[in-house]
Each structure stands twice: as structure tokens, then as C-alpha cells.
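**Student:** Provide a 3D model corresponding to the input given below.
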Amino acid sequence: MPRFPVLCVFSVLIGTLFISVNAQAHSLHVFAMGNGDVIDGYAYFGGGARPHDAKIQLLDDTGRVIFAGKTDDQGEFKLRVSHKQDYVIEANSGDGHIASFEINGDELSSQLPSGNEGIDVQVSQIDTASSSQNEKTHPPSTIIATDSSNTTVTLSRDELDNLIDAAVSRHVRPLREQLVAYEDKVRFSDLLGGIGVIVGIFGAFAWFRAGKSRPDQQNEKP
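**Tutor:** The predicted structure follows:
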């Protein structure tokens, strides 16, 4: 095989690899999780940066858009929903990058009414800055009744459910985030592996053609 076409094809493969790495670094992702009656999460790029004021949409289990808003300066969002059902959150950075993430209805509070087709789900966006400040200055507390005679603590079923949901969400969320990040890395590794296989096959073919052409050149000598 002539050297010039070999260099051309190799350059194309290197260019494809560079484009793939660059695209992965700028690919948009979104993560979200239900906690009580709130769906909170964030959008982020493959390189770790987060988009400012990215557009977000919340879709119900029929695919209908029921809310449209934006992330904050940190790429985060918090949405309060009125019903328990499966949702899909979509993020759009405005430059052609779109990502989506599914929220299972089981992550939301069991006290919420179940959402059925045709029900008008109410969605409101929570100011992430003010809510974070309130959590720092006024940590959530549960009003409980106590009997001073024997120091028995009494919790209602709803209060107990809220405590369990909050505890589970607090411990499960980091694991979910790690799992999603791992899946992103695996997909990127598969992409690089596929390109590596193509480069290897091409190199073996070029080596075979080069070895085959040497005897022909030697036979042509006087």
C-alpha cells in the first residue's frame, strides 16, 4: 500500500479519536433523585463543569412536558411535585447538548397521591440558594410528643415515614451519583476501545501489505 494513503487514513483515525475525546468532555449529563415531594439534581458536562442557567423540563410518565425552567449558577435545580409517579428530567445547555434522566416514582414520598393519566400535576421550582441557606441555619426538625413520666417518644406514621425517606435518600444519593459517573466512564472507555481495535486492525493490514510488497520489489530488480 502506498505510504501517502496510509498516512491519510492514520491521520483520519487520529482526528476521529481527538473529536471523540473532545465531544465526551463537552457532552451534557443530568442527575436527579426524589426525596419526599422534591426532585433535586444538577446538570454537568463530561469534564466535570456545570452549565449556568441551563434549560430544564420535567416530563410526566406519558412524556408530556409539565414544567419548564432553568438551573441555577451551579447547574442545580429543585422541583416540588404534587403527585407520586415516574418522571423524566431533561436538560438543554443551549448549544445543541441535551440530556435526560429518569426518576422512579418509588423515590418520592409514599404520602403523595398517585399520579394517573389526565391528572394535572402541580410543579414548582424551589430557590436552591435560599433552601440551602435555610438548611444550614434551620436544620429540619420533627415535632414529636413525649411522655415525661417514662420518656417515651411517640411518632406518627407520617413523621416516621419522613424520617426514613430522608435517611435513605441521604445515604443512597452518593451511591447513585457514583454509579452514574461510573456508567459514563464505561461508555467512554468502550468508545476508546472500539477506536483502538480499528487502529489495530488497520495497522496489521498495513504491515501485511508492506511485507507482501517487498518480495515483488526484489523480483523486479535486474
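**Student:** in contact with the closest residue in space to residue 98 that isn't next to it in sequence, which residues?
**Tutor:** What sits nearest to residue 98 in space, not counting adjacent residues and going by CB to CB, 6 or more residues apart in numbering, is residue 92, at 5.1 Å. Quick note: C-beta positions are derived from backbone N, CA and C, even for glycine. Applying CB atoms under 8 Å, 6 or more residues apart in numbering to residue 92 gives the contacts 28, 54-57, 98.
**Student:** identify the farthest-apart pair in those.
**Tutor:** 28 and 57 (13.5 Å; CB to CB).
**Student:** partner residues bridging the residue nearest to residue 98?
**Tutor:** residue 55, residue 98 (DSSP bridges).
**Student:** okay, it: pLDDT?
**Tutor:** Per-residue pLDDT puts residue 92 at 94.
**Student:** now it: how far from residue 67?
**Tutor:** Residue 92 sits 14 Å away from residue 67, going by CB to CB, to the nearest Å.
**Student:** mutual contacts of these two, please.
**Tutor:** Common contact partners of residue 92 and residue 67 (CB under 8 Å, 6+ apart): residue 57.
**Student:** tell me the contacts of the closest residue to residue 100 other than its chain neighbours?
**Tutor:** Once flanking residues are discounted, residue 100 sits nearest to residue 90: 4.6 Å by CB to CB, 6+ apart. Counting by CB under 8 Å, 6+ apart, residue 90 makes contact with 30, 56-59, 98-100.
**Student:** sec struct for residue 90, please.
**Tutor:** What DSSP: H, G, I helix; E, B strand; the rest coil gives for residue 90 is strand.
**Student:** and it, how far from residue 77?
**Tutor:** 11 Å.
**Student:** give me the common contacts of these two.
**Tutor:** Contacts common to residue 90 and residue 77, judged by CB under 8 Å, 6+ apart, are residue 56.
**Student:** least confident secondary structure element in the protein?
**Tutor:** Lowest on mean pLDDT, DSSP states H and E among the helices and strands of the chain sits strand 145-147, with a mean of 50.
**Student:** isn't residue 114 up against residue 86?
**Tutor:** No: using CB atoms under 8 Å, residue 114 makes no contact with residue 86, being 10.9 Å away.
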